[in-house]
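[1] no sequence on hand, only this structure:
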C-alpha cells in the first residue's frame, strides 16, 4: 500500500499494520507522519519502543535479533529503524530482506529513510520493504500546490487569507516547509481567528524561502521569469556555488537540444520529463539553442575569472532565455 504523508495524516488507518516505511525529501512531512504513527501506536497499547540508527559500523545482527526475540515482558512494541544515508550496504540489505520475510509478532516496525532515487528503488532491500510495508511518501510540496497546502494549514487554526495572500505566503516560504509551518503558527499567535489581510501578512511573515538549483528547472519550464529571478537571488544570498547552477542549466540546454533535434548526442530526458521538455522545446529554434550554449560557455569563463562580468547576472539572463522569455530587471 502506498500513501502520501498528507493522506496518512488526513485519514489515519483504523488498524495497525506490522511494517511502515516513511521515505522522501520533505522533512516536515516525514516528521509529522512519524509522530502521527507513534501516537497511534501508543494509543493502541504499544508501550515499549526500540530505536536503531543504521550509521557507519552499525551491527545489523541487532536487527536480526530483534526480529527473532520476543518483546521484553511480552509487551507490544514499536521498533524504529533509521537509515540516514538511505544506503544500508550488502549486510544491511540482507538483514532488511530477511526481516521483511518474517515480521515479528506484537511489533509495529517503522523504517525511516531519506529520499531514494529511482536506482535505489530497484535495490533488493527497498523492494522487500515495498512488498511488505505501508509506504508513506514524504514528498515536497511544489509551488503549484503550495497555496492550497497553506490554506489547509491556516484552516486548522480557524484562519484564512484570500488568493493574493496565499500567493504572497507561497513566495515567502517556498522550499522550506518547516519554516513555513513556524510562520503559520506565528500567525495564530499574532492574529485572531478569521480572515487575515494582505497588509497584515506583509508585516508579519518573514521571507524564509529556500531553493536549490534543481528547483530552477520547474520555474524555467513554466516560463515564470519573476520566480526564476527570485530563486537566483535566494541561491546567491545563501552562498550557492555558481558552477552547480551553471551545470543544472547547461544540462537542461543539452537535453533541450536533443529533444529539438539539434543534436543526437547527450543523455535523453527521462520519460516522465520528456513531455515537459517537448513543451519547452517549442519555444526554441536551433539558433536560440546554440546561442544559449554560447552564453553558458561565456559564464564558465566568468566563473573561472577570465571575464570581469558578474556570473550571477549572466546566469539570470541564461535562465530567462532558456525559459523562452526575456529577463525583466526590477527598477
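    Sure, I can see it. Just so it is clear, the structure is predicted and the values come from calculations on it, not from any experiment. Numbering: from 1, shown residues only.
[2] per the annotation, how does this protein divide into domains?
    Taking automatic domain parsing as the reference, the chain has its domains at 2-137, 146-204, 213-322.
[3] mean pLDDT lowest where, among those?
    Lowest mean pLDDT within the domains of the chain: domain 213-322, at a mean of 85.
[4] gap between that domain and the chain center?
    Here domain 213-322 shows a centroid-to-chain-centroid distance of 21 Å under the convention CA atoms, centre = their mean, to the nearest Å.
[5] and it, end to end?
    End-to-end span of domain 213-322 (CA to CA, to the nearest Å): 14 Å.
[6] just the endpoints, please. Distance across stretch 296-309?
    As for stretch 296-309, its first-to-last residue distance stands at 13 Å under the measure CA to CA.
[7] quick one, strands of this protein?
    Taking DSSP state E, the strands of the chain run over residues 2-4, 19-23, 48-53, 77-82, 107-112, 134-137, 159-160, 194-195.
[8] angle of the fourth one against strand 107-112?
    Using axes from the mean of the first three to the mean of the last three CA atoms, to 10 degrees, the direction of strand 77-82 lies 20 degrees away from that of strand 107-112.
[9] run through who's touching strand 77-82.
    Contact partners of strand 77-82, identified using CB atoms under 8 Å, 6 or more residues apart in numbering, comprise 38, 41, 46-54, 63, 66, 71, 96, 104, 106-112. C-beta: built from backbone N, CA, C; applies to glycine.
[10] list the buried residues in it.
    The neighbour-count criterion (16 or more other CB atoms under 10 Å) identifies 77-82 as the buried residues of strand 77-82.
[11] close enough to count as contact, residue 235 and residue 211?
    Yes: assessed by CB atoms under 8 Å, residue 235 is found in contact with residue 211 at 5.7 Å.
[12] quick one: residue 93 and residue 19, what's the gap?
    Distance check for residue 93 against residue 19: by CB to CB, to the nearest Å, it reads 16 Å.
[13] so for those two, which residue has more residues nearby?
    In this view residue 93 and residue 19 are compared by other CB atoms under 10 Å, and residue 19 has more residues nearby, 21 against 17.
[14] tally of neighbours for the nearest residue to that one once chain neighbours are set aside?
    With CB to CB, 6 or more residues apart in numbering as the measure, residue 133 is the residue that lies nearest to residue 19, at 4.1 Å, once sequence neighbours are left out. Here the neighbour count serves as a burial measure; for residue 133 (other CB under 10 Å) it reads 22.
[15] can you pull the contacts of residue 133?
    17, 19-21, 100, 111.
[16] distance to residue 194 for these - can I get that in CSV?
    Conversion of the contacts of residue 133 to CSV gives the following (distance: CB to CB, whole Å):
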residue, distance to residue 194
17, 40
19, 43
20, 38
21, 40
100, 49
111, 42
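[17] tell me the buried residues within those.
    When the contacts of residue 133 are checked for burial by 16+ other CB under 10 Å, the buried set is 19-21, 100, 111.
[18] so which two of those residues are the farthest from each other?
    The largest distance within those, taken as CB to CB, falls between 20 and 100 and amounts to 12.2 Å.
[19] would you format the strands of the chain as JSON lines with distance to residue 275 included?
    Supplementary listing: the strands of the chain in JSON lines, determined by distance: least, CB to CB, whole Å:
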{"stretch": "strand 2-4", "distance to residue 275": "23"}
{"stretch": "strand 19-23", "distance to residue 275": "26"}
{"stretch": "strand 48-53", "distance to residue 275": "41"}
{"stretch": "strand 77-82", "distance to residue 275": "37"}
{"stretch": "strand 107-112", "distance to residue 275": "33"}
{"stretch": "strand 134-137", "distance to residue 275": "22"}
{"stretch": "strand 159-160", "distance to residue 275": "35"}
{"stretch": "strand 194-195", "distance to residue 275": "40"}
